[in-house]
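My questions are about this predicted structure, shown below with the sequence.
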Amino acid sequence: MNSKNQALIVIDAQNDFCSGGALAVAGGDDVVAGINAEMRKFNTVVFTQDWHPESHSSFASSHSGMAAYEVIEMPYGRQILWPDHCVQGSKGAAFHPSLESNLAQNIIRKGFRRGIDSYSAFFENDHETATGLTGYLKSRDVSGVTLVGLALDFCVAFSAVDAASEGFDVTVISSLTRAIDLDGSLERAMNRMNEAGVKVV
Ligand code: VGL
Ligand code: ZN
């Protein structure tokens, strides 16, 4: 592979999505070694870091009478409520201890506005508020992005679909991802990625 204008985007490889974490994804730890190896093949490596303030609006605990995994209507649309996770500065928000985070050149933090969640590395869940990642990549002449990390059916898939709509050639390495799979979310995510022209390998 000619990786000159290819970026690797490592999505949310954080403690809270790994075993023992607040929103643990089954097998989350198992992708870290492979991601470390993959990073060495790219000269542009970007991480995302889910980075919520306490009492973030995506936390079930912020809504009286609501439980985790229930759905509410937000001004920007439907929002799944999650257990408290990736609180700014907490151990859960830190990268997995085995992840070679020194290899990342940029870290995009997301979900830091209390009233809006952000699954995608490119746009918050209103599909309007940009993170700035498109500009960063385009100003570095990146034309293709490869995505790995957690969770496949939420932050990886949303990032992949947005990357395609931003004009990038998009690949997801499925063996370096793991899914939450909540009420068919994995199948829906695979369909959305397919329709968007994302290559899932
Ligand atoms: C994620 C749910 C809530 C993810 C982040 O990284 O996929 N999922 N926050
Ligand atoms: Zn989150």
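Right, received. Where do you want to start? Residues are numbered from 1 along each chain as shown. Ligands and ions are numbered 1, 2, ... in the order given.

Quick check: buried residues in the strand ranked longest in the chain?
Criterion DSSP state E: the longest strand present in the chain is strand 169-178. For strand 169-178, burial by neighbour count (16 or more other Cβ atoms under 10 Å) applies to 169-173, 176-178. Where C-beta positions appear, they are placed from N, C-alpha and C, glycine not excepted.

before we move on, what about stretch 21-29?
Here stretch 21-29 shows 21-25, 28-29 as buried, counting by 16+ other Cβ under 10 Å.

In the residues you listed, find the pair that's most separated.
Ala22 and Asp29 (14.7 Å; Cβ to Cβ).

What parts of the chain come near ligand 2?
Residues of the chain lying close to ligand 2 (Cβ under 5 Å from the ion) are 50, 111.

which bits of the chain sit near ligand 1?
In this structure, the chain approaches ligand 1 at residues 12, 17, 50, 82, 119, 150-151, 154-155, judged by Cβ under 6 Å from any ligand atom.

Spatially nearest residue to the residue of the chain found nearest ligand 2, not counting backbone neighbours?
Here the chain gets closest to ligand 2 at one residue, Asp50, 4.2 Å apart by Cβ to the ion. Nearest non-adjacent residue to Asp50, counting by Cβ to Cβ, 6 or more residues apart in numbering: Cys86, 3.9 Å away.
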